[in-house]
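S.K.: got a structure for you, letters missing:
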């Protein structure tokens, strides 16, 4: 690099190229969705903490999922909302790298938590007599800590590799937030190491976990088909259907963004998919688990009754 070359100290988040009226409309829509997602996940987290009937491994992992969803949305959405109301859509270099780091830390952790939840369902349905022994609180705590530790460690590797790259212009990030693939396009050096590590991480937290979940659910469905009574069969299906909905949404979108080969035509589609991940997915998860789960609905009903009686 030449000594007279200037280094980038901030980036410009391009976002969507829309009219002022449309941006104001999106600001209010995304604000409402963001608030609703915080309230819905907070409600799930509060019910799990307060209701003794929900103090089980399944809801222990669900509480971690709620924390991840609130953190995941809070990392991206506030800056996105500020940019919709501000024409100067700049973000300094360090906050941008921090946003990238937290985005992938929470995303990787959610992938691993979803795998642990599928394992919990596998043990509950395929080995019900040994469930309390296999899924002891010590094991659940270790699995949760491993998921968080691996997620943040993997993201730290990406952040370190990103910091070693020189950025000397341009500085327009064609995305809604500091997404790593969009940032790499602005680097003034070869990024093949970063891309190889990203691919390896995707295999580890997307392809590998998805294969494990498919295997576990094959065993689950085989076990369900052997159940004699229709009532028990329906109950077993209902405990898995919510988790399958969440897995389908999260892994499906993530694999399209990070596994399918990139192209200029897909940039706008990737923005929409990332928007779904940041705004809609954290809101849908508590809805799926509450609307399709009799225990959560029962706990909410009891909590509302106690509130009215006060």
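M.R.: Yep, it's here. In this text, all values refer to a predicted model and were calculated from it rather than measured experimentally.

S.K.: Run through the strands of the stretch 151-300 of the chain in chain order.
M.R.: 172-173 (DSSP state E, counting those that start in this stretch).

S.K.: so where's it uncertain?
M.R.: 227-239, 259-268, 290-294 (pLDDT under 70).

S.K.: what sits against the spatially most central residue of the chain?
M.R.: Centroid-nearest residue in the chain: residue 107, 4.3 Å away (criterion: CA atoms, centre = their mean). Residues near residue 107 by CB atoms under 8 Å, 6 or more residues apart in numbering: 72, 151, 205, 254, 277. The way it works is simple: take the backbone N, C-alpha and C, and place the C-beta from them, glycine included.

S.K.: Which helix or which strand is home to it?
M.R.: Assigned by DSSP states H and E, residue 107 belongs to helix 93-126.

S.K.: Which neighbouring residues are in contact with residue 106, exactly?
M.R.: Contacts of residue 106 (CB under 8 Å, 6+ apart): 68, 71, 72, 75, 151.

S.K.: which residue packs closest to it, ignoring adjacent ones?
M.R.: With CB to CB, 6 or more residues apart in numbering as the measure, residue 72 is the residue that lies nearest to residue 106, at 4.2 Å, once sequence neighbours are left out.

S.K.: Hmm, that neighbour is touching residue 110, no?
M.R.: Yes - with contact defined as CB atoms under 8 Å, residue 72 counts as touching residue 110 (7.0 Å).

S.K.: now the end-to-end length of stretch 161-180.
M.R.: Using CA to CA, to the nearest Å, one end of stretch 161-180 lies 11 Å from the other.

S.K.: Can you list the buried residues in that stretch?
M.R.: Buried residues in stretch 161-180, counted by 16 or more other CB atoms under 10 Å: 161, 162, 165, 167, 173, 174, 175, 176, 177, 178, 179, 180.

S.K.: Tell me who's in contact with the fourth one.
M.R.: Think residue 167. 7, 8, 93, 186, 187, 188.

S.K.: I'd like to know how far it sits from residue 185.
M.R.: Taking CB to CB, to the nearest Å as the measure, residue 167 and residue 185 are separated by 11 Å.

S.K.: Tabulate the buried residues of stretch 161-180 (a markdown table), appending distance to residue 192.
M.R.: Converted to a markdown table, the buried residues of stretch 161-180 look like this (distance: CB to CB, whole Å):
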| residue | distance to residue 192 |
| --- | --- |
| 161 | 11 |
| 162 | 14 |
| 165 | 11 |
| 167 | 17 |
| 173 | 20 |
| 174 | 21 |
| 175 | 21 |
| 176 | 26 |
| 177 | 24 |
| 178 | 21 |
| 179 | 19 |
| 180 | 14 |
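
S.K.: Filter those residues down to just the ones in helices.
M.R.: Members of those lying in helices (criterion: DSSP state H): 161, 162, 180.

S.K.: thought residue 112 was touching residue 205?
M.R.: Yes - look at residue 112 against residue 205 with CB under 8 Å: they come within range, at 6.6 Å.

S.K.: where do the contact lists of those two overlap?
M.R.: What both residue 112 and residue 205 touch, as defined by CB under 8 Å, 6+ apart, is the set residue 151.

S.K.: And the helices in this protein?
M.R.: Going by DSSP H, the chain shows helices at 20-50, 57-84, 93-126, 131-134, 137-163, 180-184, 192-202, 208-225, 230-258, 267-275, 281-291, 294-309.

S.K.: circling back to that earlier point, comparing residue 72 and residue 110, which residue is more hemmed in?
M.R.: residue 110 (27 against 24; other CB atoms under 10 Å).

S.K.: For the more buried one, which residues are in contact?
M.R.: 65, 68, 69, 72, 151, 250.

S.K.: hmm, try it at 6 Å
M.R.: Applying CB atoms under 6 Å, 6 or more residues apart in numbering, we find residue 110 in contact with residue 68.

S.K.: hang on, the earlier thing: which two of the buried residues of stretch 161-180 have the greatest separation?
M.R.: 161 and 176 (22.5 Å; CB to CB).

S.K.: mind checking how far residue 69 is from residue 95?
M.R.: In terms of CB to CB, residue 69 sits 22 Å off from residue 95.

S.K.: Just want to know which of these two has more residues nearby.
M.R.: residue 69 (25 against 13).

S.K.: Quick one: residues contacting the spatially closest residue to the more buried one that is not a sequence neighbour.
M.R.: Distance criterion CB to CB, 6+ apart; nearest residue to residue 69, sequence neighbours excluded, is residue 282 at 3.7 Å. Neighbouring residues of residue 282 by CB under 6 Å, 6+ apart: 37, 69, 72, 73.

S.K.: Fine, thanks again, bye for now.
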